[in-house]
Structures are given as C-alpha cells and as structure tokens.
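task: produce atomic coordinates for the following.
(one chain, ligands or ions: 1)
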Amino acid sequence: MSGHVYSINDSATVEDAATDYEFVIRQLVKIRTIGVSESTDCPKFDLILLSMGSDGHVASLFPNHQALELKDDWVTYITDSPQPPPERITFTLPVINSASNIAILAMGVDKANAVHSAVSDSSDGPDAPASLPARMVQPTDGKLVWFLDKAAASSLEALCDDAYQQQHREY
Ligand SMILES: O=C(O)[C@H](O)[C@@H](O)[C@H](O)[C@H](O)COP(=O)(O)O
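Got it, this is the predicted structure:
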C-alpha cells in the first residue's frame, strides 16, 4: 500500500509543492499507473472523496476563487484561503470531474443550505455555480454520490416535497 501513496512535499513552498505534485501525477499517467480520461485528457481516478464545508467549498476550491476557473492545471495552490491554513494545494475541477466516481460527504446542519443549493436546479444569483464550488462538481463521465447525515439533508425535505407536488400536479 505504501508504494501507492504519494504525499505532498510540505517542506517546499506551496507553489513548488503544487508543481512537484502535478509532475508526479503526470508521470503516473504517462506510465498508466493512473488511467487517463479520453474526453478530458486528465487523470481518471477511480474515486475522489471530498467533504464539503458550510460555504460549499470542496477540496481547497473556495467560493468565487480564481482557482475554480483553471482548465489546464491538474494541481494548483492558493495562498489566500478564507479558512486556515491560508496556504494550500488542491486538485483542480477538471481533475475532480474526470474521476470515475466522486463522493461528497456533508455532515451537520451548517451544511444544510449548501447541500440544498448544490443539488437544486437554480443557477442564478447567490446559487451561481462559482459561489458554491460543490455545484461545479459534475463528473464528465462518472458518477457522483452524496453522503449526508440527517442534519445536512434537512433542507432537502422541502425540495423533495416541491418535486412531489410538481409531479402530482402533472398527473
Ligand atoms: O480545511 C478545510 O478545508 C475543511 O476542514 C474541510 O476540508 C472540511 O472537511 C469541511 O469543511 C467539512 O468539515 P466538517 O464536516 O468537519 O464540518
């Protein structure tokens, strides 16, 4: 197992650590230890496991941060995280979205609003995708599964009721 663990170099600067980590991933893709997505040319991980913060951040991709717009980088760094620590490295959305399976975990009532917005259809105003990174997790060619406790799912009851009533009206 240890031969398959590639840790981040935490003694380098975040910029160097991100560059080094992306280099490692690119080598692993080259020798096909990690598969490649035919549609995106990104690494295709079997599973990416994320947890979501109450602000809707996943990985170290925070609301309205420019890191959300990266298209060509696989790994990036930030130095201005709104939550400590300020310096972080993270996979980018193209890599996350290329995975075969993505699981997002959310626990606690403080996640309820973000869960509701992330799985609802609205895409304007405060629910615009970049204001809620979890909404931007949309697998290109894979599956997304949410794991919620009751508290995190508590705002979904209203959503389900609405959908039920909508369907009911159509019959
Ligand atoms: O520093 C971070 O980015 C956070 O620690 C994050 O990774 C965490 O997993 C979520 O915010 C949910 O955390 P809880 O489920 O503990 O609230």
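
what's the burial count for the closest residue to residue 63 other than its chain neighbours?
Counting by CB to CB, 6 or more residues apart in numbering, residue 63 lies nearest to residue 131, which is 5.1 Å off, once chain neighbours are set aside. Any C-beta I mention is one placed from the backbone N, CA and C, and that applies to glycine too. Using other CB atoms under 10 Å, the number of residues around residue 131 comes to 16.

list the contacts of residue 131.
Each residue near residue 131 by CB atoms under 8 Å, 6 or more residues apart in numbering is listed here: 56, 63-64.

look up how far residue 129 lies from the closest residue to residue 156 other than its chain neighbours.
Closest residue to residue 156 apart from its sequence neighbours, by CB to CB, 6+ apart: residue 116 at 6.1 Å. According to CB to CB, to the nearest Å, residue 116 stands 15 Å off from residue 129.

same question for residue 9.
Using CB to CB, one gets 32 Å for the distance from residue 9 to residue 129.

who has more neighbours out of residue 116 and residue 129?
residue 116 (19 against 16).

that's a strand at the residue nearest to residue 156, yeah?
No - judged by DSSP: H, G, I helix; E, B strand; the rest coil, residue 116 forms no part of a strand; its state is helix.

isn't it right up against residue 153?
No - in this structure residue 116 lies outside contact range of residue 153 using CB atoms under 8 Å: 9.0 Å.

name the SS class of whatever residue of the chain ends up closest to the ligand, please.
In the chain, the residue that lies nearest the ligand is residue 53 (3.2 Å; CB to the nearest ligand atom). The local conformation at residue 53, judged by three-state DSSP, is coil.
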